[in-house]
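**Student:** quick one: sequence and predicted model below, then my questions.
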Amino acid sequence: MARVTLPAVVFGAFSAIRIDLSALVVFVAIFGSCLIALGLGLDALQKRWSMRPFLMTAMEVGMLGYPLFTIVFGAANLPPPRDGRPRRNRVHLHDPHPLLNQRNGGPAGLKPALMRLVTNPVIWAAFLGIASALAGIGAYLGANPGGRTFLSCLSFIGAPTGALILFVIGYDMDFSLKSLGKAMTTIALRYLIMVPLFFAAWALVKRFAPSSAEPVLRSALMVLFTMPSTFAIPIFGREGEESEYISATLSLNTLVTVCLLAAVTLMGK
């Protein structure tokens, strides 16, 4: 999955992006928030390679954020698709994959990390997608029948990604008191970190990209910072208690996210 379906999704998503100053400011605000959340999630009292810090950072936008934003704020408030291309779920690569690989027994150090990046098909898919967007290739692909066929093939290949990841999450679900307690603690700590980071990110966007600081963007950031961590994390978890903890945390966090956005909808009426 990480070498076939996910790269297909990533390339299709990144080839359709529009890059300008406002987008770069938003990117810096979100990426910086993820780095801060990862750092704050590190707990000296835990084992060095606890999974908790990784559950403190990243946001699941593609499979959860876009659908929930559409339900709460309406599809009209999503950015319009480019050149007639169908809108897809995007993948935001704020996941600390190199750290997770190292945690699972991979070699430490800068050189091994760089080698993993160079040989990682997801990174190449993101790089090629951004390059195609900058060069106008993404727009070209969406404007002619052959290109649309190619993009449709990518969508077909990447379609199982969400279902496979959700299967991994649910496979080890265990609602024991122990796993529920750890999951609830992790979720509470995540929101203690993410709520202040949301206000900091919004302040940064208003300061350096005032033209893009519209209410709809603030709503999008609010939805983003209420999301659970990436649904890809279970792929890197060890079987047994750790896998159960990850699945319980992501599932409960998803439920909390839905409840929070439902409350926002009711208060907005």
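**Tutor:** Now that the structure is in, tell me what you want to look at. Residues are numbered from 1 along each chain as shown.
**Student:** I'd say residue 261 and residue 68 touch.
**Tutor:** Yes - under the criterion of Cβ atoms under 8 Å, residue 261 makes contact with residue 68 at 5.6 Å. C-beta here means a position set from N, CA and C on the backbone, and glycine is covered the same way.
**Student:** any shared contact partners between the two?
**Tutor:** Residues touching both residue 261 and residue 68 by Cβ atoms under 8 Å, 6 or more residues apart in numbering: residue 223.
**Student:** what comes up buried for the strand or helix carrying residue 134?
**Tutor:** When elements are assigned from DSSP states H and E, residue 134 belongs to helix 121-135. Residues of helix 121-135 classed as buried: 122, 123, 125, 126, 128, 129, 130, 132, 133 (neighbour count, 16 or more other Cβ atoms under 10 Å).
**Student:** so for the residues you listed, which is the shakiest by pLDDT?
**Tutor:** Ranked by pLDDT, those bottom out at residue 122, which scores 71.
**Student:** how far away is it from residue 17?
**Tutor:** 16 Å (Cβ to Cβ, to the nearest Å).
**Student:** next: residue 24.
**Tutor:** From residue 24 to residue 17 the distance is 11 Å (Cβ to Cβ).
**Student:** which one of the two has more residues nearby?
**Tutor:** Neighbour comparison, residue 24 and residue 17: the larger count goes to residue 17, with 17 against 12 (by other Cβ atoms under 10 Å).
**Student:** next up, the contacts around the closest residue to that one other than its chain neighbours.
**Tutor:** Nearest non-adjacent residue to residue 17, counting by Cβ to Cβ, 6 or more residues apart in numbering: residue 133, 5.2 Å away. Applying Cβ under 8 Å, 6+ apart to residue 133 gives the contacts 14, 15, 16, 17, 18, 19.
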